[in-house]
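[1] coordinates only, sequence not included:
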């Protein structure tokens, strides 16, 4: 008798203490749950063995990446309903994925064993980062983490990001702006905040595929040095720069920002890079950038921020993101980032929140990925494409629900006299 879906629904509702907001379809063809709701599909019972041994997010993620779990229906609606079980229940929801000392977890484990047997789980999907040794955020470990995320094929990123090849929050100056227009406007906003003029030296930390460097050199006449830890990004950026005829204005290096010693620079842009720095290195990051700026120079730090925890010692890196997306990546609250920059000697002059803009950006990227799905899978792997689809869609919801934000922080290394060279009227960037 095909009843796996009903047994799973009953088990989940007992564990959560609440009705399950999505339908379940099991490998035996059975379905259970609210009619018309998005459907969580268990294509193979292996996914349950993963959950048995890794209850919670990581077990679900492994099943998703392996193609054993899928969603039938609106992806955002399904993720919103599932995530709502955590967001609406708060800290209590975390208890349901605690180790087997929790009576509910012991009962759930027995229920899963009854459905799928006690066999060990399959090995993690090959897209999962293997356990890393050594201290966090050493140069060697950071290079490996960056390579995991960015060296997955430039063709893949072209499909997801579009022609701009900008992998950070766009700036939608007009409601109906295209992604390309919004990314161009974001780069221009950064250049204006930095006050770039002809011949000034710009250091672009985490330069990606060279889009910021190209815009600053072509539109503002800046002399740009871009640094990245990704060899694939560097090769792609150099090719673009040559095609633009800007090799005399832009140098791209495969280099750690900690090894840049040829300051002073007139301006520094750090767009979507500081999330990789880590709390143990953030003051060092701020000190290094401060030292690389000339007096009166400006830093534009564009960075994702999380909400503060009541007890900051309880913060931990998201299991799925750490294992599949940004190994060792960390988010800090906005206040902590501003405070650290100030401790390093910067004067913070402006903070602009772009949270809703990132939600729109991510939805564009998801549409791009879905539009090119067969090609994207061929360019990387089915599991990697599934990772990107899940993380971008879930991240869009996190921005929309104010779980995370993104901010542009403009900071200045003041002159000895105390002057900043910032316009008297805020938000007039020149």
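    Thanks, I have the structure now. As the structure is a computational prediction, the values presented were derived from the model and not from experiment. Numbering: from 1, shown residues only.

[2] need the next SSE after the longest strand seen in the chain, C-terminal direction.
    Of all segments of type strand in the chain, defined using DSSP state E, the longest is strand 293-306. Per DSSP states H and E, the first helix or strand lying C-terminal to strand 293-306 is helix 319-320.

[3] need the next SSE after that following helix, C-terminal direction.
    By DSSP H and E, the next helix or strand past helix 319-320 is helix 334-343.

[4] between that next one and strand 293-306, how many degrees?
    Interaxial angle of helix 334-343 relative to strand 293-306 (axes from the mean of the first three to the mean of the last three Cα atoms, to 10 degrees): 170 degrees.

[5] what's the next secondary structure element after helix 334-343?
    Next helix or strand after helix 334-343 toward the C-terminus (DSSP H and E): strand 347-353.

[6] partner strands of that next one, parallel or antiparallel?
    Using DSSP bridges, the strands paired with strand 347-353 are strand 404-412 (antiparallel).

[7] now do the partner strand, average pLDDT.
    Strand 404-412 shows a mean pLDDT of 98.

[8] tell me which helix or strand in the chain has the weakest average pLDDT.
    helix 91-94 (a mean of 42; mean pLDDT, DSSP states H and E).

[9] what about the residue positioned nearest the centre of the chain, distance to residue 250?
    Central residue of the chain (Cα atoms, centre = their mean): residue 326, 6.7 Å from the mean position. Look at residue 326 and residue 250: by Cβ to Cβ, to the nearest Å, they are 27 Å apart. C-beta coordinates here come from the backbone N, C-alpha and C atoms, glycine included.

[10] next one: residue 211
    Distance from residue 211 to residue 250, by Cβ to Cβ: 11 Å.

[11] residue 291 too?
    To residue 250, residue 291 is 23 Å away according to Cβ to Cβ.

[12] so those two - more neighbours on which side?
    residue 250 (26 against 14; other Cβ atoms under 10 Å).

[13] how near is residue 344 to residue 335?
    15 Å.

[14] so between the two, which is more surrounded?
    The residue with more neighbours, out of residue 344 and residue 335, is residue 344; 20 against 10, by other Cβ under 10 Å.

[15] now do the contacts for that one.
    By Cβ atoms under 8 Å, 6 or more residues apart in numbering, the residues touching residue 344 are 283, 286, 287, 289, 290.

[16] for the stretch 51-200 of the chain, which segments count as strands?
    69-72 (DSSP state E, counting those that start in this stretch).

[17] where in it is pLDDT low?
    The stretch 51-200 of the chain contains residues with pLDDT under 70 at 86-109, 111-112, 117-118, 131-134, 136-137, 140, 142, 144-151.

[18] how near is the closest residue to residue 352 other than its chain neighbours to residue 269?
    Take residue 352 and drop its neighbours on the chain: the residue closest to it by Cβ to Cβ, 6 or more residues apart in numbering is residue 408, 4.7 Å away. Distance of residue 408 to residue 269, given as Cβ to Cβ: 10 Å.

[19] who's more crowded, these two?
    Neighbours were counted for residue 408 and for residue 269 using other Cβ under 10 Å; residue 269 has more, 29 against 20.

[20] now the more buried one: which helix or strand?
    strand 265-271.

[21] try residue 251
    Counting by DSSP H and E, residue 251 is part of strand 250-254.
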